[in-house]
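A.B. asks: Provided below are the primary sequence and the corresponding predicted coordinates.
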Amino acid sequence: HPASAASGELGATVPRRRAPDALDLPDRRGIVRAAHNREKRMAQTEAPVTEERTARDLRWVVAIDGPGAAGKSTVARALAERVGALLFDTGALYRAVTLAAARAGIRGEDAEGLAGVAQTAEIDLRPPSLHDGRQADVLLNGEDVTWAIRAPAVDGAVSAVSAHPAVRQALLPMQRRIADGERVIMVGRDIGTVVAPDAGIKIYLDASPEERARRRFAELRERGVGTSFDAVLRDLEARDASDSERPTAPLAVAGDAVSIATDGRTVDEIVAEIEGLVRDRWLSFDEVGDEIDAESG
């Protein structure tokens, strides 16, 4: 979200504290697009990817789930910078599919048409190229749609699009492939429950509907989007209901997730809490690896 204050309030930009061993994120440019294209090529020659066929190493994944405007993207970006991980906001994929479908005249109830868009659209996530509050560049068929996918029209349609099992299935293998063996912060609504149930760390961020509406309303006003607080609140509550009640991959708290309420807390406070959990868990994985190396040596 665009910065709204310099005090560290949720939604504001956090000073960059790059970890010594941080990934050089610009060198990861195009990783999402490359994986997406690979999935499409494989789909033409192989059977669908299943959990039984392919085991994934997802222990390094930090899954951050929660409803809209709970602060997931803001917190995830700061966390990724501090611990040197790849930031992957999976919601951008569904938003890009929603935008592409709208442009193609495909309606939200057309499951087959939407799945076709998800399978063929060229979606690319890259490190941010502009300092305008974006978490990453989102390209759709080569066009920068970073803010277009955040428009109210997409906000109102993405939940229906993402609810289709065929759409979620089309994007699922790519998400798992990107996360395989990587130190990655994955943001979404079903990461810890569906996409990466074996993630090493699971976080569920939440806030009251009114607080989330306040944040989203401030973001939209800063971008010059005309709307009202009441309209934003209604949209958020409608999406909460849709996401929580959909039969496929509903919004839910994973049984082993750490729940964090973000109301009245700063970004620094929240990120510091999660960072401690992440570093402790990753250190335990490193120690296990050292023991295995010593035994095998």
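C.D. replies: Great, that's in hand.
A.B. asks: which residue ranges of this protein form helices?
C.D. replies: Assigned helices in the chain, in chain order: 31-45, 72-83, 91-103, 111-120, 152-162, 165-179, 209-222, 229-245, 267-296 (criterion: DSSP state H).
A.B. asks: residue 98 touches residue 154, doesn't it?
C.D. replies: Yes: counting by C-beta atoms under 8 Å, residue 98 does reach residue 154; the two are 5.3 Å apart. To be clear about C-beta, it is placed using only N, CA and C from the backbone, and glycine gets the same treatment.
A.B. asks: who's more crowded, those two?
C.D. replies: residue 98 (27 against 18; other C-beta atoms under 10 Å).
A.B. asks: now for the helices of the chain, which one comes closest to residue 132?
C.D. replies: Set against residue 132 and scored by C-beta to C-beta, the helices of the chain come closest in helix 209-222, at 9.9 Å.
A.B. asks: how about the closest one: buried residues?
C.D. replies: Neighbour-count burial for helix 209-222, counted by 16 or more other C-beta atoms under 10 Å, picks out 209, 211, 212, 213, 214, 215, 216, 217, 218, 219, 220.
A.B. asks: would you turn these into CSV with pLDDT and distance to residue 241?
C.D. replies: Below are the buried residues of helix 209-222 laid out as CSV (pLDDT from 0 to 100; distance: C-beta to C-beta, whole Å):
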residue, pLDDT, distance to residue 241
209, 97, 11
211, 97, 18
212, 97, 14
213, 97, 14
214, 96, 19
215, 94, 19
216, 94, 16
217, 96, 19
218, 95, 23
219, 91, 22
220, 92, 21
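A.B. asks: nearest to residue 137, out of the helices of the chain?
C.D. replies: helix 91-103 (9.8 Å).
A.B. asks: touching that closest one from outside, list them.
C.D. replies: 32, 108, 110, 113-114, 117-118, 121, 123, 125, 136, 138, 140-141, 145, 148-150, 153-154, 157-158, 161-162, 167, 171, 174-175, 187-189 (C-beta atoms under 8 Å, 6 or more residues apart in numbering).
A.B. asks: pLDDT of stretch 257-271, averaged?
C.D. replies: Mean pLDDT, stretch 257-271: 97.
A.B. asks: all good on my end, thank you.
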